[in-house]
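Visitor: The sequence and its predicted three-dimensional model are supplied below.
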Amino acid sequence: MLQARPKNELDGMNSLLEELSGSSGEAVCILPEVGMLIKKRFLGIGLLARESWAGAAFTLTNDLCLSRYYSYHFMVIASCSDLLRNLMDAQSDRMGCPQRNELFRIFEEELCRLADHLCFFFRKHIEPNQKAPVCWQEHVILKMAAENFRIAGLIAARLPSAGLADILCTYLGRFATGARTFSVGELLYYVDFIMALSGIVSNDGIDELELAEKLIGINFNQLAFFVYEKDKLSLSVRHLSSAGKIAVLKERAGLPLAISSAADLAYDRRLPSLEQMLRYWITEELVLLEAEITRSLPMNLVPKIKLNIPVAQLALIIRLFYQLRFFAEDNLSVIFQFFSANFESKRQQAISPKSLSNEYYDASQITAARVLELLENMIRQLRTTYFPVVAAIGITFLFR
């Protein structure tokens, strides 16, 4: 079942801009007194929309409805921004009608204020992947431009790690000109990024460790920065033994999450958080290190058990056990390897799996007689120990 489109609280803005385009689609010139009325109407629509948005936060029943409602209005703002730009670029150039140009400037400022309002109060309900309104993108980039320039300059000049400096300056450079189109989520994260770094990037110097922790805290999950953090951690444990590396990595993996409480905070929403990527890598490293320690251990930590029977008799006993389903293991090769690794025969300290296999399939009658005698002794021992009355009767009967 198709869901109904949310109510458009900004519908009057679209209609007003379409009226201003005239029948030919070109912007028409506007008389001053008419311009005042249009301005009042346009700003009034924005004021009523803000009131409706505030009321919706208390009347709509669930997060899905709220997200559809507020995201839809962000799309309407983007649509109005595009229509307004088309009017501004129409054949009646803005120089031909100062009143119209001033009015359009006011319209763009109001659209930016409406977008700011939605982001400030209802950010978690706005779809981050939708295209940002053109005028609002320019507004955000211009507002952050001076701080962007200051931070990028100080990082390039003062950050000890040239690799990290290049990562951060490349990211900041994407917003220096505004030549590309950004999504709403990208612009909101950019503002968070600037605000987070403003307090720690100063003329007095940059603490690289503090900077890296801040970037982890704001989930700067860019792959290049993940590699930087991974390499830095690898370098810090390089001088340690495998056991020492395991201890440090486990301690790092056990630290509390450094991610901000804002669930929507991420450089790239398609990737896991930076903290998760680091923990995944640490888990893989721990597996490799533990395997390395296992490989370095002696093959036999427990000494072999010496038997008072030759290999031939041992192989026949193994055969009996196998045929009577004493072993849960069906693979004879595994069984031969186990016995050769853990037992010595009467005459051989090292029993090979191959010699066990040969004797297993080629037991002689003499060997069988020796094993039978051994088994009969075992039975006699069981009767004497656990069935003494039966054993005594047997002895009495034997000497009658």
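Guide: Received the coordinates, thanks.

Visitor: Tell me the spacing between residue 112 and residue 140.
Guide: 8 Å (C-beta to C-beta, to the nearest Å). In short, each C-beta sits where N, CA and C put it, glycine included.

Visitor: Of these two, give the one with the bigger neighbour count.
Guide: Set residue 112 next to residue 140 and count neighbours by other C-beta atoms under 10 Å: residue 140 wins out with 26 against 20.

Visitor: Tell me the buried residues in the helix or strand harbouring the more buried one?
Guide: Assigned by DSSP states H and E, residue 140 belongs to helix 134-158. Within helix 134-158, the residues that count as buried by 16 or more other C-beta atoms under 10 Å are 134-137, 139-141, 144, 147-148, 150-152, 154-155.

Visitor: After it, which helix or strand is next?
Guide: helix 162-177.

Visitor: Can you tell me how far the most centrally placed residue in the chain is from residue 340?
Guide: Geometric centre of the chain, nearest residue: residue 272, 2.0 Å, by C-alpha atoms, centre = their mean. Note on residue 272: its distance to residue 340, by C-beta to C-beta, is 47 Å.

Visitor: ok, residue 83 touching residue 17?
Guide: Yes - with contact defined as C-beta atoms under 8 Å, residue 83 reaches residue 17; the gap is 4.9 Å.

Visitor: okay, those two: which has more neighbours?
Guide: Neighbour tally, residue 83 and residue 17, criterion other C-beta under 10 Å: the higher count belongs to residue 17, 22 against 17.

Visitor: Run through the residues that contact that one.
Guide: With contacts defined as C-beta atoms under 8 Å, 6 or more residues apart in numbering, residue 17 is in contact with 80, 83-84, 87, 107.

Visitor: Which one (most neighbours) among these?
Guide: residue 107 (26 neighbours).

Visitor: Go ahead and confirm it touches residue 43.
Guide: No - in this structure, residue 107 is not within contact of residue 43 by C-beta under 8 Å, at 9.1 Å.

Visitor: Residue 285: neighbour count?
Guide: Residue 285 sits with 18 neighbouring residues when counted by other C-beta under 10 Å.

Visitor: hang on, it is in a helix, isn't it?
Guide: Yes - secondary structure of residue 285 (DSSP: H, G, I helix; E, B strand; the rest coil): part of a helix.

Visitor: Residue 291 versus that one, what's the distance?
Guide: From residue 285 over to residue 291 (counting by C-beta to C-beta), the distance is 11 Å.

Visitor: With residue 197 instead?
Guide: From residue 197 to residue 291 the distance is 40 Å (C-beta to C-beta).

Visitor: which of these two has more neighbours?
Guide: Neighbour count, other C-beta under 10 Å: between residue 197 and residue 291, residue 197 has more, with 24 against 11.

Visitor: And that one, how close does it get to residue 287?
Guide: Relative to residue 287, and taking C-beta to C-beta, residue 197 is found at 35 Å.

Visitor: Identify the residues contacting residue 125.
Guide: For residue 125, the contact set (C-beta under 8 Å, 6+ apart) comprises 63, 66-67, 69-71.

Visitor: Save those as CSV, and put in pLDDT too.
Guide: CSV is the format used below for the contacts of residue 125 (pLDDT from 0 to 100):
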residue, pLDDT
63, 84
66, 90
67, 90
69, 91
70, 92
71, 92
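
Visitor: so which two of those are the farthest from each other?
Guide: 63 and 71 (11.6 Å; C-beta to C-beta).

Visitor: For these two, work out which one has more neighbours and name it.
Guide: Legend: neighbour count by other C-beta under 10 Å for residue 63 and residue 71, higher for residue 71 (20 against 10).

Visitor: Give me the nearest residue to that one, chain neighbours excluded.
Guide: residue 127 (4.1 Å; C-beta to C-beta, 6 or more residues apart in numbering).

Visitor: Distance check, that neighbour against residue 116.
Guide: 17 Å.

Visitor: average model confidence for stretch 14-29?
Guide: Per-region confidence: stretch 14-29 scores 67 on mean pLDDT.

Visitor: average model confidence for the top helix by length along the chain?
Guide: The helix spanning the most residues in the chain, taking DSSP state H as the definition, is helix 32-59. What helix 32-59 shows for mean pLDDT is 88.

Visitor: let's number from 11 now, not from 1
Guide: Taking 11 as the first residue, the last one we looked at is helix 42-69.

Visitor: What are the buried residues along it?
Guide: For helix 42-69, a neighbour-count test (16+ other C-beta under 10 Å) marks 45, 48-49, 52, 55-56, 59, 63, 66 as buried.

Visitor: Next, the angle from the host helix or strand of residue 220 to helix 144-168.
Guide: Taking DSSP H and E as the definition, residue 220 sits inside helix 218-227. Interaxial angle, helix 218-227 versus helix 144-168 (axes from the mean of the first three to the mean of the last three C-alpha atoms, to 10 degrees): 160 degrees.
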